[in-house]
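Novice: need a structure here:
(2 chains)
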Protein chains: 2
Amino acid sequence: MALKFSIEKELGGQLGRAGILETPHGTIHTPAFVSVGTKASVKALTPEQVKSLGAEVVLANTYHLYLEPGAERVKSFGGLHKFMNWSGPLMTDSGGFQVFSLGVAYGKELSKITKITDPSQMIAERSLDSEVPRLATVGADGVSFRSHIDGSLHYITPEKSIEIQHALGADIIFAFDECTSPTEDIRYQAEALERTHRWAEKSLDYHKSRPNKDTQALFGIVQGGREELLRKRSAEFIGGLEFDGFGIGGSFAKEDMENAVRWVNEILPKEKPRHLLGIGEPEDLFMGVENGVDLFDCVAPTRNGRGGTLYTSKGKINIRNAEFREDTGPLDSKCECEVCKNPRHGGVNYSRAYLCHLYRAHEMLGGTLGSMHNLYFIINLVKRMRQSILDGNFLEFKKDFLLKYE
Amino acid sequence: MALKFSIEKELGGQLGRAGILETPHGTIHTPAFVSVGTKASVKALTPEQVKSLGAEVVLANTYHLYLEPGAERVKSFGGLHKFMNWSGPLMTDSGGFQVFSLGVAYGKELSKITKITDPSQMIAERSLDSEVPRLATVGADGVSFRSHIDGSLHYITPEKSIEIQHALGADIIFAFDECTSPTEDIRYQAEALERTHRWAEKSLDYHKSRPNKDTQALFGIVQGGREELLRKRSAEFIGGLEFDGFGIGGSFAKEDMENAVRWVNEILPKEKPRHLLGIGEPEDLFMGVENGVDLFDCVAPTRNGRGGTLYTSKGKINIRNAEFREDTGPLDSKCECEVCKNPRHGGVNYSRAYLCHLYRAHEMLGGTLGSMHNLYFIINLVKRMRQSILDGNFLEFKKDFLLKYE
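Specialist: The predicted structure follows:
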């Protein structure tokens, strides 16, 4: 048994809960935000800094590490923990989302959350000719794709994905799946879902046949797009298999996400942890926690941090803006992170003016401090949600936070 | 009195010495390497990381900060220490070197150290038409230049340079000077030197007239290029003024540097500290320490660090090279820095293979870890030189180190 999950307290009348997830490399207090370290590095931060922000767990990407430096190479170095100098809990995704982003979504404005304003978008883009050639093609048993690095050809099956994830050696790994676009029609969604289910069984069978099952936990991924029928069918099917936990996958139209999460979590077995893949904006985190999600990951805090879009309790700001050049205050006066807080300097380590200067001067330190703050902000926000569940005031906390956060 | 310097031990029969330099923001044990934080940030590192490397002092660039974010703005924020969150000793240069690099050297292959292989290069390039228009023009009383950021026109005089440095508020500041190219003829060198001397007096007069003289120390800069006559004349002149210490400036042909430093330090008053400006390669640091230099600064450790050229006790390596992809050893087995050393992971925090991966994958963490290691390596090398002076075995240490270092 690679994982132990216990529920500490439930949100009365709702799906939400606070729990404790024990892994071979340490404990995760859920709900928790998982920091993303795509290529075995949480961008712009040392593992020591990541830890000091209060991060309990990091997720790396199988697809990227498979291509560079290679999973067998990471294994020969003693595994991912040692390779990247992160001694806490680690996750790897299955590569399924990259199949989506390099395939049907390649060169298009589709990502984890897509705003669909024009209903005519809701056709199967798959059938359209695209000017950008896709790098991935989905077949019955797996996915062929070209490396975005050197163009070399690769073929990933469910078994291969698990084999790679075994070589990497994270504490929690994911079944291979197909992530679909919210613009696909129901016929394609259903077809893709059948593939994802078959691949889930194959992933699980392969995993159970290997000794790694004792040290690595396998999560199955629920798909089904925006369709109630498919989402529920997927939750029933994946939830009925002997996974250690579950991922909720998909590229969402924002307005569909809450329904999808609720439909799924009402069905999934309560006693196992659930991870909403690739989602991390404050309003979505509240929605997820309220609807029974235990884990979240998202590149937004670090990607925004590098770009100068920084979270505050009043909403996001672009720190490069001229208005901040003279602002000697902290980024967020309510934040307790290392960037915002220091009793020595009248309460501020780094002023908005200094941060504005760093970004304008193209200093790498800007991206580092911005990522530190953003990651702390989001990790801590989910921690506060957890505490509010324990304290029995989640809904007040949610209301209070979102009222100020624009 | 903004500074107190005492010599702890001298190198028998040589100019070298180990000393203690006390500033309003803390003590510097000399000889010492000064970390460069050009735009109020040691590139890719947090001040906390810089401190943890053993750095005692940071140098920022007046020219850059004058243009962005502006010296008065930094002053209004409470000065440079608070602005950049560095509570230890700080220095600012005078902007003179930027006059050189934006003027005669602009668009040419001239920097702090220029290798002159062809004697025909030794003509006054000043008289040649250049395809690249210069951004700076030297006049009798100051320098006109265009901002490299927005093209705006500026005029810096000695008084103005000191005024800016007073606004920034570093512990040690420098007189305004003109740095000349080693390819200039002696006539121009002599002319420029007269200007530098006049500007030194003006810088000093202005400084002495302001209350800042009590909290900021002013160093005069010795110039004179490669000419023995001029270097000695400059050391006599600048050494005779009431500066708190001295900078040794110039853009050097490598083979001229030792002579210039020795000529100068044999003349400068022994009881005041000397800073060899912009020099920092291991062999030059040994040369400088042996010849009585107390302080060095150089962008090389961080610039090399960002580029993947990393120092080891056997010489510099380019960590991107394919040979390091499989190398699970530390960057330098003799190094005690945070990157190289960790008892937990069989003695290594980050292997050469991981570092190689980070640079190849364009992860910012590569530049951060590379800069941390390089800066530690160079700072610590100078600390070891200091210790060897105290222990009476500097020359053995030098011989031993340089024998292995290629």
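Novice: Show me what from the stretch 51-200 of chain A comes close to chain B.
Specialist: A:64, A:68-69, A:73, A:76-78, A:82-85, A:87 (Cβ under 8 Å from any Cβ of the partner chain). (C-beta placed from N, C-alpha, C; glycine too.)
Novice: wait, isn't residue A:379 in contact with residue A:54?
Specialist: Yes. Here residue A:379 reaches residue A:54: they are 5.3 Å apart, a contact under Cβ atoms under 8 Å.
Novice: more crowded one of these two?
Specialist: residue A:379 (23 against 17; other Cβ atoms under 10 Å in any protein chain shown).
Novice: Give me the secondary structure label for that one.
Specialist: Assigned with DSSP: H, G, I helix; E, B strand; the rest coil, residue A:379 falls in the helix class.
Novice: Residue A:316: how many residues sit nearby?
Specialist: Number of residues near residue A:316 (other Cβ under 10 Å) recorded here: 17.
Novice: Leaving out sequence neighbours, find the closest residue to it.
Specialist: Sequence neighbours aside, residue A:309 is the residue nearest to residue A:316 in space, at 5.4 Å (criterion: Cβ to Cβ, 6 or more residues apart in numbering or on different chains).
Novice: Show me what the one you found is bridged to.
Specialist: Here residue A:309 sits in beta bridges with residue A:318, as judged by DSSP bridges.
Novice: what sits against it?
Specialist: Applying Cβ atoms under 8 Å, 6 or more residues apart in numbering or on different chains to residue A:309 gives the contacts A:316-319.
Novice: Could you identify which of those has the most neighbours?
Specialist: Highest neighbour count within these: residue A:319, with 28 neighbours (other Cβ under 10 Å).
Novice: which residues touch that one?
Specialist: Neighbouring residues of residue A:319 by Cβ under 8 Å, 6+ apart: A:308-310, A:331, A:352, A:355-356, A:359, A:366, A:370.
Novice: Filter those down to just the ones in helices.
Specialist: Judged by DSSP state H, the contacts of residue A:319 include A:352, A:355-356, A:359, A:366, A:370 as members of helices.
Novice: Narrow the residues you listed to those that are buried.
Specialist: A:352, A:355-356, A:359, A:366, A:370 (16 or more other Cβ atoms under 10 Å in any protein chain shown).
Novice: Closest one to residue B:18 out of those residues, please.
Specialist: The closest of these to residue B:18 turns out to be residue A:366 (Cβ to Cβ; 37.8 Å).
Novice: Please name the nearest non-neighbouring residue to that closest one.
Specialist: Nearest residue to residue A:366, sequence neighbours excluded (Cβ to Cβ, 6+ apart): residue A:358, at 3.4 Å.
Novice: ok, the one you found to residue A:370 distance?
Specialist: 8 Å (Cβ to Cβ, to the nearest Å).
Novice: Make sure residue A:63 is indeed in a helix.
Specialist: Yes. Secondary structure of residue A:63 (three-state DSSP): part of a helix.
Novice: hang on, the earlier thing: now tabulate the contacts of residue A:309 in JSON lines and tack on pLDDT.
Specialist: Shown next, in JSON lines, are those (pLDDT from 0 to 100):
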{"residue": "A:316", "pLDDT": "97"}
{"residue": "A:317", "pLDDT": "98"}
{"residue": "A:318", "pLDDT": "98"}
{"residue": "A:319", "pLDDT": "98"}
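Novice: tell me, how many neighbours does residue A:303 end up with?
Specialist: 15.
Novice: ditto for residue A:26
Specialist: 14.
Novice: My understanding was that it contacts residue A:86; is that so?
Specialist: No. Using Cβ under 8 Å as the test, residue A:26 is too far from residue A:86 to be in contact (10.4 Å).
Novice: what ranges do the strands span in the stretch 151-300 of chain A?
Specialist: With DSSP state E, counting those that start in this stretch, the ranges of strands along the stretch 151-300 of chain A come out as A:153-156, A:172-174, A:217-222, A:245-248, A:252-253, A:274-276, A:295-297.
Novice: coming back round to it: going by distance to chain B, which of the contacts of residue A:309 wins?
Specialist: Nearest to chain B among the contacts of residue A:309: residue A:319, at 13.1 Å, using Cβ to the nearest Cβ.
Novice: Find the helix or strand that residue A:137 is a member of.
Specialist: strand A:136-138 (DSSP states H and E).
Novice: Residue A:196 touches residue A:220, doesn't it?
Specialist: No. Residue A:196 is not in contact with residue A:220 according to Cβ under 8 Å; the separation is 9.2 Å.
Novice: quick one, which of the two is more surrounded?
Specialist: Here residue A:196 and residue A:220 are compared on neighbour count by other Cβ under 10 Å; more neighbours surround residue A:220, at 30 against 27.
Novice: Kindly state the beta-bridge partners for the more buried one.
Specialist: Residue A:220 has these beta-bridge partners by DSSP bridges: residue A:246.
Novice: That one and residue A:279: what is the separation?
Specialist: To residue A:279, residue A:220 is 18 Å away according to Cβ to Cβ.
Novice: And for residue A:377?
Specialist: Note on residue A:377: its distance to residue A:279, by Cβ to Cβ, is 16 Å.
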